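J.: Pasting a predicted model and its sequence here:
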Amino acid sequence: MHPKTEKQALDLAKSADTEGVIICPPAIFLSALAKKLKRADLGAQDISAEDEGAFTGQISGKQLKGYGVSYVLVGHSERRRLGEGNEMIAKKVAATLRSGMTPILCIGESRDEHVTGRTKEIVERQLELGLSLVSRQVPAARIIVAYEPVWAISGGDPLVESDTPENAAEVIAYIGERLKGVPVRAGVIYGGSVNMQNINIFLAQGVVGGVLVGGASIRPEFKGMVKAASAV
């Protein structure tokens with residue numbers, strides 16, 4: 001639920017309006033940003049699993065597409081924390097594809113799962129279940145998978161353990177291998193507390209196709225991050 005006002009959202013979007021960037025603001029700001037963005041793509045933070053009907057408070061894929069949305073975050077760690085399970089996530093991935101948009105499927109393990117060495121088991125399961133309905137979609141469709149290690153998302157807490165580029169690259173390479181059997185074009189990006197200090201290090205790993213930026217996206221440093229990513 002950031003930023004707080006439309007003006008702040010427009011200012012942030014203007015500073016990051018660069019080809020290759022996807023901006024996913026709160027839904028209330030989608031209309032304003034759709035009218036102002038010239039080079040960046042517009043993304044939504046969520047989507048209804050249903051195409052239409054009496055689902056108060058939800059937004060359908062057709063409605064999002066009508067506002068110029070091209071990408072949708074699905075299965076973000078914060079949505080999973082609120083109780084969204086793999087079955088619902090799979091339905092939302094399918095709804096996004098039906099509407100002609102690209103889902104950004106977020107997967108990643110908790111701290112306990114990381115510490116006990118279950119990372120690959122968890123991401124493979126989330127990937128398999130999250131994409132379980134993709135086979136019914138048009139083969140020419142595209143998806144993006146975001147590896148989002150929950151244990152490395154700091155939220156500004158300096159005590160939270162940081163991920164290493166080597167670990168991120170290893171897991172992303174593993175995800176890439178698992179994606180070879182999926183009947184759509186797919187790419188993998190990284191979303192574990194990326195900031196101005198580490199973005200180039202993560203992007204320098206050959207398998208990292210991009211980054212999913214959280215808290216840093218609403219701070220002044222984001223403009224510099226966009227420039228850094230564009231130079232890689």
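T.: On my side now, so go ahead.
J.: which non-adjacent residue is nearest S162?
T.: In space, and not counting its chain neighbours, S162 is closest to A152: 6.1 Å by C-beta to C-beta, 6 or more residues apart in numbering. Yep, even glycine has a C-beta here, placed from its N, CA and C like the rest.
J.: Surely that neighbour is in contact with V194?
T.: No. With contact defined as C-beta atoms under 8 Å, A152 does not reach V194; the gap is 9.8 Å.
J.: quick one, which of the two is more surrounded?
T.: V194 (27 against 22; other C-beta atoms under 10 Å).
J.: Tell me the bridge partners for the nearest residue to the more buried one once chain neighbours are set aside.
T.: Counting by C-beta to C-beta, 6+ apart, the nearest residue to V194 once its immediate chain neighbours are dropped is V211, at 4.5 Å. Note on V211: beta-bridge partners Y190, judged by DSSP bridges.
J.: what about V211, how many neighbours?
T.: So V211, with other C-beta under 10 Å, has 21 neighbours.
J.: How about the contacts made by it?
T.: I189, Y190, G191, V194, I199, F202, L203, M225, A229 (C-beta atoms under 8 Å, 6 or more residues apart in numbering).
J.: again, 7 Å this time
T.: With contact set as C-beta atoms under 7 Å, 6 or more residues apart in numbering, V211 has these partners: I189, Y190, G191, V194, I199, F202, L203, A229.
J.: Looking at these, which is nearest A16?
T.: Nearest to A16 among the contacts of V211, counting by C-beta to C-beta, is A229 at 10.3 Å.
J.: count of residues packed around that closest one?
T.: 19.
J.: Pull the contacting residues for it.
T.: I199, L203, V211.
J.: quick check: mean pLDDT across the helix or strand hosting it?
T.: Assigned by DSSP states H and E, A229 belongs to helix 221-231. For helix 221-231, mean pLDDT is 91.
J.: where does V138 land on pLDDT?
T.: The model's pLDDT for V138 equals 63.
J.: all helices for this protein, in order.
T.: 6-15, 30-36, 61-66, 77-81, 86-98, 111-115, 119-130, 165-178, 199-203, 221-231 (DSSP state H).
J.: Just want the angle from the first one to helix 221-231.
T.: Regarding helix 6-15 and helix 221-231, their directions subtend 20 degrees when assessed with axes from the mean of the first three to the mean of the last three C-alpha atoms, to 10 degrees.
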